[in-house]
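Undergrad: Show me the folded form of this:
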Amino acid sequence: MLSRTAEDLFWMARNMERAENAARMLDVSFRLSLLPSSLDRKAQFEPTLSIAPGDGTFYERYDELSQENLVRYVALDPENAGSIYSLVRNARENARARRASISSEAWESLNATWLQMQSFDFDEVRRWGYRDFFDWVKERSHLFRGVVFGTMLHDDGFRFLRLGTFIERADNTARILDVKYHVLLPDTEKVGGYVDYYQWAALLRSVGAFRAYRRIYHDTIYPWRVAELLILREDMPRSLHHCYGIVLATLDELAKKPLECRRIAGQTHAQLCYGNIDDVFREGLHE
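TA: Okay, here's the model as predicted:
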């Protein structure tokens, strides 16, 4: 397979996963903004801006950090290379360039998503309702992955799509955990209080893990258990352990000889496979 083809397939999947993750982060940010807090509105949205995909030019183009401007920048801004709009556009361009390498159903899914994405402006999103728009983005991403899995030949092209998806997913999970621990925990609100509980619940919902947490732990939400679920549980679809397991297996299928990227992925996967949450906190979650 040509490297240009592999790169386009990798970024096609990674862009769609990143668009979904941006929608998830915005959704949770708005849920958290409804909670009572000693923080002003700007400070409440700073964590989302810090981890949302973007080119770092928010304050060059917007006067203030508000809910409306956050939606414009992260979701709809064509000049922001990391906006949902730009990510869907880029994924569609990747697909258009490699139509011969993907199924017709995968192309039609991405093309239809892009055509509808172009119809959205801020007023239209507000008429829809923010949550309905975020759900639409997530559903289109789910549809794309399902179509890819169900209609494409599971060859090297499919494997590069998988790499893009799970590398991006692992990166997003790590960013969300890092921001929660290092931005939200130092808040003046009492850690362990009901606001803190809803923050952790919102974090779990942002990665589709709230029901999984309840099924596994049958208990109230504790930070170390959230970290364990999203870092070390192999059966949690968005955990670092699960994502690195798929990345490692995919690299094994692609590589004809040992590669440095495979060694790094294997080393990380081994730490996730044999580590425990006490080790994670002892070394520092940020590390």
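Undergrad: hey, where'd the strands end up in the stretch 51-200 of the chain?
TA: For the stretch 51-200 of the chain, applying DSSP state E, counting those that start in this stretch gives no strands.
Undergrad: which intervals of it have sub-threshold pLDDT?
TA: Residues of the stretch 51-200 of the chain meeting the criterion pLDDT under 70: 180-196.
Undergrad: and if we set it to 80?
TA: 51-56, 178-199 (pLDDT under 80).
Undergrad: counting contacts, what elements does the one helix or strand residue 7 maps to pack onto?
TA: Take DSSP states H and E as the rule and residue 7 turns out to sit in helix 3-33. Here helix 3-33 touches helix 41-51, helix 67-71, helix 84-97, helix 130-151, helix 156-179, helix 194-206, going by 3 or more CB pairs under 8 Å, 6 or more residues apart in numbering; DSSP states H and E. Where you see a C-beta, it was placed from the backbone N, CA and C, and this is true even at glycine.
Undergrad: Please enumerate residues in contact with stretch 197-210?
TA: 24-25, 27-28, 31-32, 35, 172-173, 176-177, 180, 184, 212-213, 220-221, 223, 226, 229-230, 236-238 (CB atoms under 8 Å, 6 or more residues apart in numbering).
Undergrad: In that stretch, which residues are buried?
TA: Using 16 or more other CB atoms under 10 Å as the burial criterion, the residues of stretch 197-210 that qualify are 198, 199, 200, 201, 202, 203, 204, 205, 206, 207, 209, 210.
Undergrad: Turn these into TSV, including distance to residue 54.
TA: Below are the buried residues of stretch 197-210 laid out as TSV (distance: CB to CB, whole Å):
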residue	distance to residue 54
198	26
199	22
200	25
201	26
202	21
203	20
204	24
205	22
206	17
207	20
209	24
210	26
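Undergrad: Just give me the closest of these to residue 276.
TA: residue 209 (19.0 Å; CB to CB).
Undergrad: My guess is residue 65 contacts residue 49. True?
TA: Yes - with contacts counted by CB atoms under 8 Å, residue 65 reaches residue 49, the gap being 6.5 Å.
Undergrad: Name the residues contacting each of the two.
TA: residue 58.
Undergrad: hmm, back to that, only whichever of the contacts of stretch 197-210 are buried, select them in ChimeraX.
TA: In ChimeraX, this line selects whichever of those come out buried by 16+ other CB under 10 Å:
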select :24,25,27,28,31,32,35,172,173,176,177,180,184,212,213,221,223,226,229,230,236,238
